[in-house]
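K.L.:
sequence first, predicted coordinates after that:
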Amino acid sequence: MLLFELDQPAFTQVSARVDMMSKNPDVPTREVGNKSPVESHAEDKDPPENIQDTSAAMKTDTRKTRLTLEQISKLRKLSDLKAAEYQSSIKEIRRQFAPAPAA
């Protein structure tokens with residue numbers, strides 16, 4: 001039984017202007033809205049694709065960053081490519097500095 005009716009919804013769209021984890025309050029963090037906790041938590045689990053995090057680490061950031069499987073795969077491929085390039089450059093250097101063939 002309700003004692004009174006609300007003219008407007010109880011929750012309204014409000015811009016959250018303060019990021020409690022950083023020292024910069026001017027950076028908008030996220031929108032707080034009319035979603036249930038289950039819906040908002042489900043949104044947080046699925047990050048948008050192709051996001052490159054270019055934010056600089058601050059001295060106060062003590063949390064460990066988590067790498068995605070895509071990032072780990074890119075790092076592994078780059079490592080394999082660098083190793084192959086290194087081996088080919090070593091072969092070229094050995095060929096250049098090898099003793100002259102006996103004539």
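P.N.:
Received, thanks.
K.L.:
helices along this protein, start to end?
P.N.:
Per DSSP state H, the chain carries helices over the ranges 37-45, 69-96.
K.L.:
what's the closest of the ones you listed to residue 57?
P.N.:
Among the helices of the chain, the nearest to residue 57 by CB to CB is helix 69-96 (15.6 Å). The way it works is simple: take the backbone N, C-alpha and C, and place the C-beta from them, glycine included.
K.L.:
what mean pLDDT would you report for the closest one?
P.N.:
Mean per-residue pLDDT for helix 69-96: 96.
K.L.:
about what we covered before: tabulate the helices of the chain (JSON lines), appending distance to residue 51 and mean neighbour count.
P.N.:
Formatted as JSON lines, the helices of the chain follow (distance: least, CB to CB, whole Å; neighbours: other CB atoms under 10 Å):
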{"stretch": "helix 37-45", "distance to residue 51": "14", "mean neighbour count": "9"}
{"stretch": "helix 69-96", "distance to residue 51": "10", "mean neighbour count": "10"}
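K.L.:
right, and those helices - which one's nearest residue 54?
P.N.:
Of those, nearest to residue 54 by CB to CB is helix 69-96, at 13.3 Å.
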